[in-house]
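> Give me a model of this one.
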Amino acid sequence: MEITIVFCVLGVAAIFLFYIWRISNRLWFKPKKIEKFLKDQGLKGTPYKFMYGDLKEMVQMMSEAKSKPMNLTHDIAFRVSPFFHKTLTTLGES
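Numbers count the residues shown, from 1 in each chain. As a prediction, the model looks like this:
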């Protein structure tokens, strides 16, 4: 009786650890591996940030862009999507 309880507890712990590993692999290890792979190929970019990524910076840049008056030109990329405009100007289009 006591041995079956021990095996049940070990089985539940193993299943729990398996799912913890799968979740951490999907949310942390795989994105970091892809980031390293792309960096080794020479592609520049922002580092991986857990869960939210660049969302905070995107929202801040969007609110700053909307608070400034807009020029009367056809160049509206910095106003429509300031984060992507900044990324393309700093990191390049390749």
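> Going by C-alpha atoms from here, please, whenever you check contacts or count neighbours.
OK.
> Output the below-cut-off pLDDT ranges for the protein.
In the predicted model of the chain, residues 93-94 satisfy pLDDT under 70.
> Check it and tell me which residue is nearest its centre.
The centre of the chain sits closest to residue 53, judged by CA atoms, centre = their mean, with a distance of 3.8 Å.
> Leaving out sequence neighbours, find the closest residue to residue 91.
Closest residue in space to residue 91, ignoring its immediate chain neighbours: residue 44 at 6.5 Å, by CA to CA, 6 or more residues apart in numbering.
> Run a quick check on that neighbour versus residue 87, I expect a contact.
No - Residue 44 is beyond contact range of residue 87, at 10.1 Å (criterion: CA atoms under 8 Å).
> Let me know the distance separating residue 74 from residue 80.
12 Å (CA to CA, to the nearest Å).
> Residue 19 too?
41 Å.
> again, but for residue 49
For residue 49 relative to residue 80 (CA to CA), the value is 24 Å.
> Skip ahead from the helix or strand hosting residue 78 and say which helix or strand is next.
Assigned by DSSP states H and E, residue 78 falls within helix 77-80. Sequence order places helix 82-91 as the next helix or strand after helix 77-80, per DSSP H and E.
> so what's the residue lying farthest from the centre of the chain up against?
Going by CA atoms, centre = their mean, the residue of the chain most distant from its centre is residue 1, 48.1 Å out. By CA atoms under 8 Å, 6 or more residues apart in numbering, the contact list for residue 1 is empty.
> Distance check, it against residue 11.
From residue 1 to residue 11 the distance is 15 Å (CA to CA).
> Could you give the secondary structure assignment for residue 51?
Here residue 51 takes the coil state, with states given by DSSP: H, G, I helix; E, B strand; the rest coil.
> Not counting residues beside it along the chain, what's closest to it?
The shortest distance from residue 51 to any residue other than its chain neighbours is 7.6 Å, reached at residue 27 (CA to CA, 6+ apart).
> where does residue 38 sit relative to residue 32, distance-wise?
With distances taken as CA to CA, residue 38 is found 10 Å from residue 32.
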